[in-house]
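S.K.: predicted coordinates and the sequence they were generated for:
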Amino acid sequence: MIEMGVLSVRMDEEMEKRLAFLMERRKIVDKSAYIRQLIDKSLSADLLDYLSEEVAAKRISTWKAASTAGISLRVMMVELAKRNISIYDEQALREDLIFAEGK
């Protein structure tokens with residue numbers, strides 16, 4: 001069995017209404033499991049946002065970002081493209097030109 005920590009969260013009335021609405025419409029009965037799913041989805045999205053910012057600032061490589069996010073390099077490259085973050089810079093272009101010229 002997986003060990004899980006306990007987290008208490010206070011929700012305002014509006015958030016509670018939205019949660020109840022979705023649970024009813026989606027016919028969800030396990031509130032804790034649903035909230036864990038929502039947290040996981042939100043954390044994954046925020047992690048990709050953060051890692052994309054790090055790649056854009058050249059603080060980490062695309063490969064490292066993909067590894068940290070637990071996704072393939074190709075998926076990370078798609079995420080970067082969605083955010084209009086180029087992983088191909090002038091240095092890479094110079095290296096490719098030198099290689100293409102056979103030097």
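M.R.: Done, it's in.

S.K.: what's the burial count for residue 5?
M.R.: 4 (other Cβ atoms under 10 Å). The way it works is simple: take the backbone N, C-alpha and C, and place the C-beta from them, glycine included.

S.K.: confidence-wise, which helix or strand of this protein is lowest on average?
M.R.: The weakest-scoring helix or strand in the chain, judged by mean pLDDT, DSSP states H and E, is helix 90-101 (a mean of 80).

S.K.: tell me what that helix is packed against?
M.R.: The contact analysis (3 or more Cβ pairs under 8 Å, 6 or more residues apart in numbering; DSSP states H and E) places helix 90-101 against no helix or strand.

S.K.: got the contact list for it?
M.R.: Helix 90-101 is contacted by no other residue when judged by Cβ atoms under 8 Å, 6 or more residues apart in numbering.

S.K.: equivalent analysis for stretch 68-80, please.
M.R.: 44, 47-48, 51-52, 55-56, 60, 62-63, 65-66, 86-87.

S.K.: filter those down to the buried ones, ChimeraX style.
M.R.: With 16 or more other Cβ atoms under 10 Å as the criterion, this ChimeraX line picks the buried residues out of the contacts of stretch 68-80:
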select :48,51,52,55,60,62,65,66,87
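
S.K.: which residues touch the spatially most central residue of the chain?
M.R.: The centroid of the chain falls nearest to residue 48 when counting by Cα atoms, centre = their mean (2.6 Å). Applying Cβ under 8 Å, 6+ apart to residue 48 gives the contacts 69, 79.
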